[in-house]
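# could you work out the structure for the sequence below:
(chains A, B, C and D)
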There are 2 protein chains.
Amino acid sequence: MLEAPVTWQAIRDEALARIRSRRWPPGELIPSETDLAREFGCARATVSRALRELAEAGYLDRRRRAGTRVALTPVRKATLKIPVLRHEVAARGARYGYALISSGEKPAPLHVSSVLGLEAGMPLLHVLALHLADGAPYALEDRWINAMAAPGIEAADLAAISANEWLVRNAPYSHGDLVLSAAAADAETAAILRCPEGAALFVAERATWLHDTPITSVRQSYSPGYRLATTL
Amino acid sequence: MLEAPVTWQAIRDEALARIRSRRWPPGELIPSETDLAREFGCARATVSRALRELAEAGYLDRRRRAGTRVALTPVRKATLKIPVLRHEVAARGARYGYALISSGEKPAPLHVSSVLGLEAGMPLLHVLALHLADGAPYALEDRWINAMAAPGIEAADLAAISANEWLVRNAPYSHGDLVLSAAAADAETAAILRCPEGAALFVAERATWLHDTPITSVRQSYSPGYRLATTL
DNA sequence: GCTCGTCTATTGTGCAGACATATTCCCGAT
DNA sequence: ATCGGGAATATGTCTGCACAATAGACGAGC
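Okay, the predicted model is just below:
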């Protein structure tokens, strides 16, 4: 009998097939790495690599000593890429444009200071800017920046380069959070995006930190019709 | 000099620090695995594991023979969990409710058949259902199911178990896609969700396949105020 | 019966070596 | 100058081994 070369991908696929076919039912303990290595005729590390991938993908729960179980609810994960807006526009084949509407230091409003965990009223750099695709409004960016955590931002020419891009290039962050929602366009937003007041807008709000230091909080309101696509 | 134990996590963190500090600038070739292993005094496999993680996270681009480069645009990825709606509601501490509005076989409308890659007008099972949280409308689910790809669905009591959940448990899929957007509530949706017509709704549309066979296409419209949160 | 410590099975990780595979580089032939 | 082919090299993966960390199982002692 010819043995196909044993790769971790092959083992991953075989394991996934067993999960899907219910040969390894949800909640059940599957054989140990050692047993599987013997069954597949390969090293334990190879099985381990395969099962680790499936665990990362949410199909398996693994715990030392307790063994590996098939996940009860295979929580599917979609990974969204969060590109710089300029690239997103370019990827759609449109000409990118950028217009700074206003920038300046202001005391942080409550919803910003509370999200970032700063004292209310602390002065932050506020930037309002419009991203355009082929000259049409694409997204309105309403951003608050902790200037102390982004040294150099004061000197940056935010009319020439978007705060979005300046920060990506110059202020690395360690973690952040993202909230997606839908909101009706208020009068000011509608005027800037040149859409009817009350139109349904797709809104992305992000906040980022470098370790414990808050960097920025931003709300991007996309023009009506925006769709964020990804694969599962 | 005391040597800290060399773990792949430590190497990953050190590499990330070098990227962030620009000691390894964007676009630049970094030392080879062999060189780094020598520098850190560990095995090449350990370095490899660390760099592989960073590549998966989007910080590095790796190619055989060409070496490893710092990514020009560190595309951040957010991973959204896509839970069963019942669990999502329960996780918010609310009582889950489910109401089947209608179900039956109908010819596929064009936008569904084209997304799934089926012939227009092919008969599909159409299910309209409302998910509730503490008795209030939470999300409207408008689903089309390829019954041939989900054997047993005809016999399922979709008034008792949501199609959402039945499919998660009984119809595994290999891949799918997801589109998030904002839309104004039309008259029918507004009536079901008990919200004003024209309200801004968060909409998630999914389509799933098992290999080449389309399984289902679903549009979930969430009640106004819905927020989808994740971390970066 | 209950609690606490010990044993042990299982996964997590590291190491050294080997070979596989992809891709660039360079040199020779044309 | 150009093209083709082989050498060089970096990553990708497998093997076989070792030990660490974890947590369930079990038994001794109260």
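
# alpha carbons only for contacts and neighbour counts from here, please
OK.

# burial of residue A:186, as a residue count?
Neighbourhood size, residue A:186 [other Cα atoms under 10 Å in any protein chain shown]: 13.

# quick check on it: phi, psi?
Here is the backbone geometry of residue A:186 (degrees, to the nearest 10): phi -80, psi 180.

# how much space between it and DNA strand D?
Residue A:186 sits 48 Å away from DNA strand D, going by Cα to the nearest atom of the strand, to the nearest Å.

# which ones are touching that residue?
A:197-198 (Cα atoms under 8 Å, 6 or more residues apart in numbering or on different chains).

# does the closest residue in space to residue A:141 that isn't next to it in sequence sit in a helix, a strand or a coil?
Leaving aside its sequence neighbours, residue A:141 sits nearest to residue A:220 (Cα to Cα, 6 or more residues apart in numbering or on different chains; 4.5 Å). The three-state label given to residue A:220 by DSSP: H, G, I helix; E, B strand; the rest coil is strand.

# how many residues are close by residue A:220?
Residue A:220 has 22 nearby residues by other Cα under 10 Å.

# quick one: it and DNA strand D, what's the gap?
Taking Cα to the nearest atom of the strand, one finds residue A:220 at 35 Å from DNA strand D.

# next: residue A:95.
Note on residue A:95: its distance to DNA strand D, by Cα to the nearest atom of the strand, is 34 Å.

# wait, isn't that residue in contact with residue A:134?
Yes. In this structure, residue A:95 is within contact of residue A:134 by Cα atoms under 8 Å, at 4.7 Å.

# I'd like to know how many residues surround residue A:91.
11.

# and if you look at residue A:136?
Look at residue A:136: counted by other Cα under 10 Å, it has 16 neighbours.

# tell me which residues are up against the lowest-mean-pLDDT helix or strand in chain A.
Using mean pLDDT, DSSP states H and E, the weakest-scoring helix or strand in chain A turns out to be strand A:76-82, at a mean of 80. The contact list for strand A:76-82 (Cα under 8 Å, 6+ apart) reads A:57-58, A:230-232, B:75-83, B:178.

# try 10 Å
A:56-59, A:88, A:178, A:228-232, B:58, B:74-84, B:168, B:175-178, B:232 (Cα atoms under 10 Å, 6 or more residues apart in numbering or on different chains).

# does the closest residue to residue A:190 other than its chain neighbours count as helix, strand or coil?
Distances taken as Cα to Cα, 6+ apart place residue A:197 nearest to residue A:190, at 5.1 Å, with adjacent residues excluded. Assigned state for residue A:197: coil (three-state reduction, three-state DSSP).

# so how far is chain B from residue A:197?
Per Cα to the nearest Cα, to the nearest Å, residue A:197 is found 11 Å from chain B.

# and the residue of chain A found nearest DNA strand D, how many neighbours?
At 2.4 Å from DNA strand D, residue A:7 is the closest residue in chain A, using Cα to the nearest atom of the strand. Counted with other Cα under 10 Å, the neighbours of residue A:7 add up to 15.

# could you measure from it over to residue A:40?
Computed as Cα to Cα, to the nearest Å, the residue A:7 to residue A:40 distance reads 10 Å.

# which neighbours do the two share?
Here residue A:7 and residue A:40 have A:46-47 as joint contacts, going by Cα under 10 Å, 6+ apart.

# could you pull up the residues touching residue A:227?
So residue A:227 contacts A:202, B:178-182, B:203-204 (Cα under 10 Å, 6+ apart).

# report the two of those separated the most.
Greatest spacing in the contacts of residue A:227, by Cα to Cα: A:202 and B:178 (15.0 Å).

# quick one: the helices in chain A?
With DSSP state H as the criterion, chain A has helices at A:8-20, A:33-40, A:44-56, A:85-91, A:110-116, A:163-170, A:187-193.

# which of these sits closest to residue A:130?
Among the helices of chain A, the nearest to residue A:130 by Cα to Cα is helix A:187-193 (7.8 Å).

# now that closest one: mean pLDDT?
Mean pLDDT, computed over helix A:187-193, is 93.

# same check on stretch A:125-145?
For stretch A:125-145, the per-residue pLDDT averages 93.

# next, work out how far apart residue A:214 and DNA strand C are.
With distances taken as Cα to the nearest atom of the strand, residue A:214 is found 29 Å from DNA strand C.

# just confirm that residue contacts residue A:172, I think it does.
No. With contact defined as Cα atoms under 10 Å, residue A:214 does not count as touching residue A:172 (11.3 Å).

# lowest average pLDDT across the helices of chain A?
Ranked by mean pLDDT, the helices of chain A bottom out at helix A:163-170, with a mean of 82.

# measure residue A:70 to residue A:54 for me?
In this view, residue A:70 and residue A:54 are 10 Å apart by Cα to Cα.

# who's more crowded, these two?
Remark: of residue A:70 and residue A:54, residue A:70 carries more neighbours, 23 against 19, as counted by other Cα under 10 Å.

# contact partners for the more buried one?
A:16, A:19, A:22, A:24-30, A:54-55, A:58-62.

# can you select the buried ones from those residues in ChimeraX?
To isolate the buried members of these in ChimeraX, using 16 or more other Cα atoms under 10 Å in any protein chain shown:
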select /A:16,19,24,25,26,28,29,30,54,55,58,59,60,61,62
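
# restrict the contacts of residue A:70 to contacts with chain B.
Among the contacts of residue A:70, the ones lying near chain B by Cα under 10 Å from any Cα of the partner chain are A:16, A:19, A:22, A:26, A:58.

# specify which member of the residues you listed is nearest to residue B:117.
Residue B:117 has its nearest neighbour among these in residue A:16, at 25.4 Å by Cα to Cα.

# list the contacts of the closest one.
Contacts of residue A:16 by Cα under 10 Å, 6+ apart are A:10, A:22, A:24, A:50-51, A:54, A:59-60, A:70, B:174.

# excluding its backbone neighbours, what's nearest residue A:156?
Leaving aside its chain neighbours, residue A:156 sits nearest to residue A:166 (8.0 Å; criterion: Cα to Cα, 6+ apart).

# dump the residue contacts of that neighbour.
Residues in contact with residue A:166 (Cα under 10 Å, 6+ apart) are A:150, A:152-153, A:156-158.

# kindly report the same for residue A:57.
If you count contacts by Cα under 10 Å, 6+ apart, then residue A:57 has A:51, A:74-77 around it.

# next one: residue A:224
A:137-139, A:184-185, A:193-196, A:199-202, B:181-184.
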